[in-house]
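**Q** sequence? don't have it. structure:
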């Protein structure tokens, strides 16, 4: 059983640009959540996708958007990058259901200059 | 609304000594509680979780936690730590479509 994978590992962008981060969920998982972890902080929930539909969202502006594909892999898109978007972006997958364990990927480190 | 407070940002402890990492939570819905560990430059790994039932939860690597509803706490304990336990530990509440709400983390520093 393969775990959650994310790409790329690191990314450097400049302010105002757009970025797409990718996540492959663990086999058999149909739910994907994205989190932003700023340096020295705990992860913050961005949104969750269940069977290709967004079914939950944290306190993030609309320039943070996502997709989930039929194979349950997912993308996080961020438009109009700001310096404060610099963070580790974590993807987590689960089988679905509020009590199911979320399994995290290694993250993508985004630096905005 | 949900929130998590991890009372210590850093906890230094000598190798083979016991340790307790403190976590208090606030939740207006069903309480599901988690402890995750993050090693440097890695993602999060689940240590243990409380969903219901017994208030004492055992996890991986010799860790355990006790759910205390009256004190709204979910403290993490290990009777004897090892150098390899050096990491960042996160307490979280919630789950489902609202995602997990994490605390700011506690850096466990093991001194030889």
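**A** All right, it came through fine. Computed from a prediction, not measured in an experiment: that's the story for all the values here. Numbering: from 1, shown residues only, chains lettered A, B, ... in the order given.
**Q** ok, residue A:74 to chain B distance?
**A** 14 Å (C-beta to the nearest C-beta, to the nearest Å). Where C-beta positions appear, they are placed from N, C-alpha and C, glycine not excepted.
**Q** Count residues in the vicinity of that residue, would you?
**A** When neighbours are defined as other C-beta atoms under 10 Å in any protein chain shown, residue A:74 has 25 of them.
**Q** Next: residue A:86.
**A** Residue A:86 has 17 neighbours, counted by other C-beta under 10 Å.
**Q** Could you do the one 5 residues further on as well?
**A** Applying other C-beta under 10 Å, we find 30 residues neighbouring residue A:91.
**Q** Name the residues of stretch B:84-92 that come out as buried.
**A** Buried residues in stretch B:84-92, counted by 16 or more other C-beta atoms under 10 Å in any protein chain shown: B:85-92.
**Q** Mind jotting down where the strands sit in the chain?
**A** I went with chain A, as the question did not name one. Assigned by DSSP state E, chain A shows strands spanning A:5-7, A:10-13, A:19-24, A:31-37, A:44-50, A:53-57, A:64-68, A:74-78, A:87-94, A:103-104, A:108-112.
**Q** Correction: the question concerned chain B.
**A** Under DSSP E, chain B gives strands at B:2-6, B:10-14, B:19-21, B:23-27, B:33-38, B:44-50, B:56-58, B:64-68, B:73-78, B:87-94, B:100-102, B:106-111.
**Q** So for chain A, which of these sits nearest?
**A** Taking C-beta to the nearest C-beta, strand B:100-102 is the member of those nearest to chain A, at 3.4 Å.
**Q** I'd like the strands of chain B laid out as JSON lines, including mean pLDDT and distance to residue A:43.
**A** Listed next are those as JSON lines, based on pLDDT from 0 to 100; distance: least, C-beta to C-beta, whole Å:
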{"stretch": "strand B:2-6", "mean pLDDT": "94", "distance to residue A:43": "11"}
{"stretch": "strand B:10-14", "mean pLDDT": "97", "distance to residue A:43": "19"}
{"stretch": "strand B:19-21", "mean pLDDT": "98", "distance to residue A:43": "17"}
{"stretch": "strand B:23-27", "mean pLDDT": "92", "distance to residue A:43": "15"}
{"stretch": "strand B:33-38", "mean pLDDT": "96", "distance to residue A:43": "9"}
{"stretch": "strand B:44-50", "mean pLDDT": "94", "distance to residue A:43": "7"}
{"stretch": "strand B:56-58", "mean pLDDT": "96", "distance to residue A:43": "21"}
{"stretch": "strand B:64-68", "mean pLDDT": "96", "distance to residue A:43": "19"}
{"stretch": "strand B:73-78", "mean pLDDT": "97", "distance to residue A:43": "17"}
{"stretch": "strand B:87-94", "mean pLDDT": "95", "distance to residue A:43": "7"}
{"stretch": "strand B:100-102", "mean pLDDT": "94", "distance to residue A:43": "5"}
{"stretch": "strand B:106-111", "mean pLDDT": "96", "distance to residue A:43": "14"}
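**Q** Out of these, which is closest to residue A:34?
**A** If you check each of the strands of chain B against residue A:34 by C-beta to C-beta, strand B:100-102 wins as the nearest, at 11.6 Å.
**Q** Relative to that closest one, what are the paired strands and their orientations?
**A** When pairing is defined by DSSP bridges, strand B:100-102 lines up against strand B:87-94 (antiparallel).
**Q** ok, how many other residues are close to residue A:3?
**A** Other residues lying near residue A:3 total 14 when counted by other C-beta under 10 Å.
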